[in-house]
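Novice: this one's structure only:
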Ligand code: URA
């Protein structure tokens, strides 16, 4: 794991990098790609939850009493950005089984190139939860920034993000607006092409997850 800036962590664990390499390969079929997204989401969840607070509680093993750490403090809300973020959801929930789930749907206005929200459904108590935002590709940062705007308008005070690949431009854009958002990724790639795709990247994550084109 390497921390490249105060609020960005790149998970460079061999398992994460191995799975990412398989995902980048254009020959990897949809079914396997989908599995890899979830597996990588598990590994990134491990990292993004590293600073959750714990408290000591007393329990009894079959042999004797002891104190054990237990996660305390705020509960978690997991919020995928539609549609590719959904591909990470099962992996994240496999570790955070009690988390509530919200959804943010955004599309890009092709004239203004700005994200427009078309669906938002968040847990009613999102203000009291640690939010983990999911989107496999943090590209221009426009959607992520808009999603964090929405979350903060709903009262969220603690927002983290898991992405599989980020572009430096996207991280910069997000942190210019929301410097408090800790981003955990498997890679920061070279940059964006003229269509806003991350290069070298892995292509369109939604299309590769769902077999659309
Ligand atoms: N969204 C994707 O799915 N891929 C990119 O490269 C950029 C945005």
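Specialist: Thanks, I have the structure now. Nothing here was measured: the structure is a model prediction, and the numbers come from that model. Residues are numbered from 1 along each chain as shown.
Novice: from the chain's centre, how far out does stretch 108-125 sit?
Specialist: Per CA atoms, centre = their mean, to the nearest Å, the displacement of stretch 108-125 from the mean C-alpha position of its chain is 17 Å.
Novice: near the ligand at all, that stretch?
Specialist: No: using CB under 6 Å from any ligand atom, stretch 108-125 stays clear of the ligand, coming no nearer than 10.0 Å. Any C-beta I mention is one placed from the backbone N, CA and C, and that applies to glycine too.
Novice: So which residues make contact with the longest helix anywhere in the chain?
Specialist: What stands out as the longest helix in the chain, according to DSSP state H, is helix 30-48. Residues lying outside helix 30-48 but in contact with it, judged by CB atoms under 8 Å, 6 or more residues apart in numbering, are 1, 9, 11, 13, 15-16, 19-20, 22-23, 28, 87-92, 94-96, 132, 134, 136, 160-162, 164, 182, 184-186, 205, 208-211.
Novice: hey, where'd the helices end up in this protein?
Specialist: Under DSSP H, the chain gives helices at 14-24, 30-48, 86-95, 142-153, 168-177, 205-210.
Novice: Take these and write them to JSON lines, including mean neighbour count and distance to residue 66.
Specialist: What follows is the helices of the chain, written out as JSON lines (neighbours: other CB atoms under 10 Å; distance: least, CB to CB, whole Å):
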{"stretch": "helix 14-24", "mean neighbour count": "17", "distance to residue 66": "31"}
{"stretch": "helix 30-48", "mean neighbour count": "20", "distance to residue 66": "24"}
{"stretch": "helix 86-95", "mean neighbour count": "20", "distance to residue 66": "24"}
{"stretch": "helix 142-153", "mean neighbour count": "21", "distance to residue 66": "39"}
{"stretch": "helix 168-177", "mean neighbour count": "18", "distance to residue 66": "42"}
{"stretch": "helix 205-210", "mean neighbour count": "19", "distance to residue 66": "44"}
